[in-house]
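K.L.:
Attaching a predicted model along with its sequence, questions to come.
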2 protein chains.
Amino acid sequence: MPRSGADLALLLLGGFRALAEAGTVELAAHGYARIRPVHDFALHSILGGADTASALARELGITKQAVAKTVAFLETEGYVAGETDERDTRRRRFTVTERGHDLVRTGQQVFDELRDRWAERIGAAELEQLETALTELGIQVPTRLDAPGWLSGSSPD
Amino acid sequence: MPRSGADLALLLLGGFRALAEAGTVELAAHGYARIRPVHDFALHSILGGADTASALARELGITKQAVAKTVAFLETEGYVAGETDERDTRRRRFTVTERGHDLVRTGQQVFDELRDRWAERIGAAELEQLETALTELGIQVPTRLDAPGWLSGSSPD
DNA sequence: TCGATTCAGTCAACCAAGCTGTCTAGACTC
DNA sequence: GAGTCTAGACAGCTTGGTTGACTGAATCGA
C-alpha cells in the first residue's frame, strides 16, 4: 500500500511542528518567552558577522523593515545590544549579549534533548536514517521561516 | 557525530517546504492558481460531510469567519457551490463542483508524483522507513496549517 | 572637490490570513 | 410564547511580513 504524497508532506510538517511546539514551550519555561526561530537565526547570523540590519536582511532573506522589527524585539528583550558604528555612522552594529548567548545555548540544548527523546522512541539508527534520507534529498535548510510555501499561497506569478 | 535537534527540525520543515513549493507550482501549472492546503482540506471536509461553514470551522479548527473567507474563495473560483438549506434556512450547504473534484484529483496526483520522485532518488524502502519513523513518533497530521508553532510565536501564555 | 550614486535605516501604509466581539435571524426546547 | 442555541455576517484588531518614499551618510568619478 503506497502512501500518498500529501500524507508525506503532512508528516514532515507535523514532525516539524511537534518539535517546534515543544521547543517553544520549553524555551518559555526556561524564561525565554515569545522566541521564534527567526530570533535564533538572527542571533546566529549576528554571531556569524552579519551584525547590521542590512546584512541581516540579506542573510535572512527578509526585508530591512522586518529585520528592524525583529532586532527591536531582541534589543528590548536584552538579547542583543546595538550601537552606532563609528566608522560609518549610518550603521548600527549589533552584538549578542550574555543573555543572548544564554538563549542560543539553551535553545540548542532544548532541541537536542527533544531529538534525544525521539531517538529513544524510534531508535537512534532510525532517526539518523531519517536525517540522512532528508539530507540526501538535498533538502536545504530554509532561510525564510514564515510562509511555508504551500501554506501561504506563495504562487509564483 | 550526533546531529543537532535544531537541524532535525529544519530538515523536516525543509522537506515539507520542498514538497509544498513544488506542489503549488505544479498545481498552478495545471491551472489551479493560489491554491493552499486549507483549500484542499476544506474540499475534503466538504466531501466528508462537513458541508456547512460551521461544520467546516469545527473540522478545520479555525473560526467560522476564516472559513467564510476560504469558502468564498472556493466559491468564486468555482470549486464549490453553495445554496441555502431548505430545511434550515440559516445554513448554506456546500457541494464540491466538478472543477473541485478535478482539483482534488490533480492535487493527489501531483503530490504522489513528487513522492515518487523522492522514492526514485533515495529508494522506496528508505522513504517508507522515513514515513514509518515519523508515524511511529505519533506525529499527528496537523489540522491547523498556518502558524506552525515555533514559527509564529504561539507561546502558551 | 563637487555632484551623482549607492547604501543604512526609518516611516507610513498596506496585505494576508487569521482572530474576537457583536449582531441578526432562524430553529429548537420547555 | 420566552429563552436559548445555532448559522452566518460585519466590523475591526493582530501578527509578521510587504512595498514605496524618504533622510542622511559614505563613496565613486570626472
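P.N.:
All right, it came through fine.

K.L.:
For stretch A:38-55, buried residues please.
P.N.:
For stretch A:38-55, the neighbour count (16 or more other Cβ atoms under 10 Å in any protein chain shown) marks A:38-46, A:50-53, A:55 as buried. Glycine gets a C-beta too; all of them are placed from N, C-alpha and C.

K.L.:
in chain A, which residue is closest to the centre?
P.N.:
Chain A has residue A:37 as the residue nearest its centroid, 3.0 Å off, counting by Cα atoms, centre = their mean.

K.L.:
mind checking how far that residue is from residue A:75?
P.N.:
18 Å (Cβ to Cβ, to the nearest Å).

K.L.:
got it, and residue A:138?
P.N.:
Distance of residue A:138 to residue A:75, computed by Cβ to Cβ: 36 Å.

K.L.:
So which of the two has more stuff around it?
P.N.:
residue A:75 (16 against 9; other Cβ atoms under 10 Å in any protein chain shown).

K.L.:
near DNA strand D, which residues of chain A?
P.N.:
A:36, A:38, A:62-63, A:65-66, A:69-70, A:87-90, A:145-146 (Cβ under 7 Å from any atom of the strand).

K.L.:
can you rerun that using 6 Å?
P.N.:
For chain A, the contact set with DNA strand D under Cβ under 6 Å from any atom of the strand comprises A:36, A:38, A:62-63, A:65-66, A:70, A:88-90, A:146.

K.L.:
in the residues you listed, which two residues are the furthest apart from each other?
P.N.:
Between any two of the residues of chain A next to DNA strand D, the greatest separation by Cβ to Cβ is 32.1 Å, found for A:89 and A:146.

K.L.:
Between those two, point out the one with more neighbours.
P.N.:
A count of neighbours by other Cβ under 10 Å puts residue A:146 above the other of residue A:89 and residue A:146, at 18 against 8.

K.L.:
Leaving out chain neighbours, which residue sits closest to residue A:74?
P.N.:
residue A:80 (4.6 Å; Cβ to Cβ, 6 or more residues apart in numbering or on different chains).

K.L.:
May I have the predicted confidence score for the one you found?
P.N.:
We note a pLDDT of 97 for residue A:80 in this prediction.

K.L.:
which residues does it form a beta bridge with?
P.N.:
For residue A:80, the beta-bridge partners are residue A:96 (DSSP bridges).

K.L.:
Cheers, nothing more for now.
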